[in-house]
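Student: 3D, please:
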Amino acid sequence: MSELDGWGGADFVLAADRLDTPDVVEAADPGDMLRQVASAAAQVRTALRSCAETDLSAFTAEGRPRALVVAGLGASGLAGEMLNAMAGLSSPVQVVVSPGERLPGWVGAADAVIAVSCSGNTPETLAIATQAARRGCRLAGVGAEGSALHRIAEQARAPYVPVVPSGLSRSMLWAVAIPLLVIAEQMGVTRIGPDVYELAAARLEEVSHQCRPASESFVNPGKSLALDLVGVLPMVWGTSALSEVAARRFTSQLLQNAKYPAICGVLPDAAHGQVAAFDGPFAPRSSRLSAQEPGPGPDELADLPGWDLDYEETEQASGFTALRLILIADSGADQRVSAQRAAVTELAGQRGVGISELGMDGEHPLVRLAGVIQLTDYASVYLAIASGIDPGQTVAIRDLRTRIE
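Tutor: Down below sits the predicted model:
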C-alpha cells in the first residue's frame, strides 16, 4: 500500500475508502493495533483483579506520605499525569511525575515512590526504583512479572502489581494506570471507588463499539476524527488540567501510531502563546490578513472578536500545511476558560483554521478521561491506516536506541 503523496480531494476520498474497506483496514494493521486499543476495558478489569491479589497494606491513609513520586516514561508517565490531574489542588499529598533517571534531591524516607513500567525494563524507571530503595522511600512497582523492576521490588520487600503485556506499551495505558490509581486511593490522594472503575470500563467498551472497524466513517467517531486530520497540522488543546492529559495522550498517539506531528497545549496558557500561529503561514487566511492592531486596553483573548478585521477572498498559501485545532472541552473548565474557548473558536474561523471539538462527558474525571482517550486512540490508528502507514511499526525508535545504547 503506497503512502499518500499530498492531500487533494481525490486523496481524501481515497483515505475514506481505505477506512471503509474491511480487507484494507486489516491488511494495513498487521500488528493488530486496533485490537490492542479495543482491549482497554479488559485492561481495567484485569488490573483491578491484580491489585486485589497484591498486598498493598503498606499504603494507607493513616500512613500518608509527604509526597508521592510516580516514575515512568511514555504511557507509564501519562498514568502519573492522570493521577495528578484527578487529585487536583485539593490533594493532601503532593504528586510528582519523574520521567528522568534521578529522583529529586528532596525525596527521602518520608515520601512514597511508585515505579511504573509496562515491560518492567525501562532503564530510567529502574534507576529511580533503585534510588528510592536506597533512600528508604516507601516503594511499589507496577510492571511485567519476572522483570528487572519486579526483582528490585522483591529485594526492597516492596509490593509489586504484575502487568501482563498484550501489545505495545503505548496501548497498555489502562493496565499501568489502574494500579497507580488504586494505590493512590488507598492513601487518600484521590477518591474513585469500585463503581467508578466499572463505569470507566463501560465507557471504554461503549466507545470501542462506536469505533469498531466494521462501522463506516460517517457514523464512526474515530474514523471521522481521523479524516478531519488528513493532510493538516493538528493543534490539540485542552481546557482544563484533566483535558490537558487527554491532549498530551492524543499528540503522543498521533506521533507513535500515525507518525504524525502534532502540537499540544492547554487554555489559558495556549491563548498567550500558541495562538500566535494563527497569524503564520499555516493559517490559510493569515497571509491575506489586514488588521488594525488593537488600541489600549486589556491584552486578553476574549477581546479579539472586537478587532477590525478585513479579509480578502482566501486561498491557502501554497507550500504550507493548514492548521487544524482540536479542542478537548472539559465540562469542569472554569468560566474564564469557557469564554476563551468561544473566542478561540471565532478567531480560528476568521483565520480559516478548521476546528474539531471533543466533549468530555461524565460525572467522575476518570470516566470523562476514559471516553475521550479511547476515541483519540482509535483516531490515531485510523489516521495511520488512512495514510497508508503501519501503525505498529517502530523503526525510527529502534534505530535511535541502537545509536544510544
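Student: Need the per-residue pLDDT for the residue most central in space within the chain.
Tutor: The centre of the chain sits closest to Arg249, judged by Cα atoms, centre = their mean, with a distance of 1.1 Å. Note on Arg249: pLDDT of 98.
Student: count of residues packed around Leu268?
Tutor: Quick fix: residue 268 reads Pro, not Leu. Neighbour count for Pro268, taken as other Cβ atoms under 10 Å: 16. Heads up, the C-betas are built off the backbone N, CA and C, glycines and all.
Student: Can you read off the pLDDT for it?
Tutor: What the model reports for Pro268 is a pLDDT of 93.
Student: Let me see the contact set for Gly362.
Tutor: Taking Cβ atoms under 8 Å, 6 or more residues apart in numbering as the criterion, Gly362 is in contact with Leu199, Arg203, Arg368, Ala370, Gly371.
Student: What strand or helix carries the closest residue to the residue nearest to the centre of the chain other than its chain neighbours?
Tutor: The spatially closest residue to Arg249, leaving aside those adjacent along the chain, is Ile373, at 5.4 Å (Cβ to Cβ, 6 or more residues apart in numbering). Here Ile373 sits within helix 365-386, counting by DSSP states H and E.
Student: Could you identify the helix or strand that succeeds that helix?
Tutor: Proceeding N to C from helix 365-386, the next assigned helix or strand is helix 395-404, under DSSP H and E.
Student: CA-only coordinates of that following helix in CSV, if you can.
Tutor: Once side chains and other backbone atoms are set aside, the C-alpha atoms of helix 395-404 remain, and they are given as CSV (Å, rounded to 0.1, in the frame of the first residue of the first chain):
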residue,chain,number,x,y,z
VAL,A,395,11.6,1.6,13.0
ALA,A,396,12.8,5.1,14.0
ILE,A,397,12.5,4.3,17.7
ARG,A,398,14.6,1.1,17.3
ASP,A,399,17.2,2.9,15.2
LEU,A,400,17.6,5.6,17.8
ARG,A,401,18.0,3.0,20.6
THR,A,402,20.8,1.3,18.7
ARG,A,403,22.6,4.6,18.4
ILE,A,404,22.5,5.4,22.1
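Student: separation between the residue nearest to the centre of the chain and Leu89?
Tutor: With distances taken as Cβ to Cβ, to the nearest Å, Arg249 is found 22 Å from Leu89.
Student: likewise Leu68?
Tutor: Per Cβ to Cβ, Leu68 is found 15 Å from Leu89.
Student: related to what we said a few turns ago, in contact with the residue nearest to Arg249, which residues are there?
Tutor: Residues near Ile373 by Cβ under 8 Å, 6+ apart: Leu173, Ala246, Arg249, Phe250.
Student: Report the buried residues of the one helix or strand the residue nearest to the centre of the chain maps to.
Tutor: Following DSSP H and E, one finds Arg249 within helix 241-257. Judged by neighbour count using 16 or more other Cβ atoms under 10 Å, the buried positions of helix 241-257 are 241-254, 256-257.
Student: And the next helix or strand past that helix?
Tutor: Moving on from helix 241-257 towards the C-terminus, the next helix or strand you reach (DSSP H and E) is strand 263-266.
Student: Work out the sheet partners of that next one and label each with its direction, please.
Tutor: Taking DSSP bridges as the criterion, strand 263-266 sits next to strand 232-238 (parallel) in its sheet.
Student: pretty sure Gln36 is touching Ser171, no?
Tutor: Yes: taking contacts as Cβ atoms under 8 Å, Gln36 lies within contact range of Ser171: 3.7 Å.
Student: Looking at those two, which has the bigger crowd around it?
Tutor: Set side by side, Gln36 and Ser171 show more neighbours around Ser171, with 30 against 21, by other Cβ under 10 Å.
Student: Just to check, the more buried one is in contact with Arg35?
Tutor: No: look at Ser171 against Arg35 with Cβ under 8 Å: they stay out of range, at 9.1 Å.
Student: coming back round to it: so how far is the helix holding Ile373 off the chain centroid?
Tutor: Distance of helix 365-386 from the chain centroid (Cα atoms, centre = their mean, to the nearest Å) equals 9 Å.
Student: Next: stretch 190-203.
Tutor: Averaged over its C-alpha atoms, stretch 190-203 has a centre that lies 19 Å from its chain's centre (Cα atoms, centre = their mean).
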